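>>> Pasting a predicted model and its sequence here:
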Amino acid sequence: VAVPASAPSGAGVLTLADLQGAMAGLQQQAAQHQQQRRPVGLQEVVTPQAITDLLTQEGVRNRLMEQLPEGQRSAAHLEENLRSPQMQSTLRSLTAALMPDDNGSLDGYHSVLANFQLDASAGQRVLVESNNPIEAFLAAVLASVKEEKATEGSEESKAGDGDGDGDEMKD
């Protein structure tokens with residue numbers, strides 16, 4: 001688009017008001033974009049299909065059943081609990097606790113990690129890169145599971161070397 005040569009003399013001058021208006025518009029667009037990129041909630045991650053997939057894994061199913069009260073340690077009770085509205089509500093509450101507060105503080109996120117005894121450094125890279133505390137929480141959970149499996153594997157290999165109590169006599 002060509003600018004006519006007879007444009008008013010002040011037409012090419014940018015004023016402070018113009019800049020402030022442009023910045024306000026950008027901030028509003030950024031806020032709208034941020035709302036559109038809101039992290040997926042845990043209740044959206046733990047879908048009925050994800051629950052079905054978990055329950056088909058015998059080891060996972062058995063470990064989860066250990067967490068149920070004594071009289072309810074069955075696959076049927078576990079599935080009922082995992083598919084309950086209370087579970088969905090709990091996942092929504094946990095999601096809300098992980099999210100930054102109105103001031104942008106992640107104190108809730110750090111409190112959740114502490115309560116679950118998760119290593120915050122395991123999710124720190126994800127948190128910095130994606131600014132997504134849900135993803136960072138899941139990374140910390142995954143790291144904890146991997147560490148636990150490695151520890152179990154290490155203990156099993158030690159048990160295979162002897163009686164497992166570490167009191168073998170050396171010649």
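Nice, I can see it. Numbers count the residues shown, from 1 in each chain.

>>> Every contact and neighbour count from this point should use C-alpha atoms.
Fine.

>>> Just give me the longest helix of this protein.
Ranked by residue count, the top helix of the chain under DSSP state H comes out as helix 133-160.

>>> Which strands or helices does that helix pack on?
Using 3 or more Cα pairs under 8 Å, 6 or more residues apart in numbering; DSSP states H and E as the contact definition, the elements that helix 133-160 packs against are helix 85-98, helix 107-115, helix 120-130.

>>> of all those helices, which lies closest to residue 40?
Using Cα to Cα as the criterion, the shortest distance between residue 40 and those is 8.8 Å, found for helix 85-98.

>>> sorry, back to before: who wins for proximity to residue 152 among the helices and strands packed on helix 133-160?
Between residue 152 and these, the shortest separation by Cα to Cα is 19.3 Å, and it involves helix 120-130.

>>> And the residue nearest the centre of the chain, what's its pLDDT?
With distances taken as Cα atoms, centre = their mean, residue 134 lies nearest the centre of the chain, 2.5 Å away. As predicted, residue 134 sits at a pLDDT of 93.

>>> ok, it to residue 149 distance?
Using Cα to Cα, to the nearest Å, one gets 23 Å for the distance from residue 134 to residue 149.
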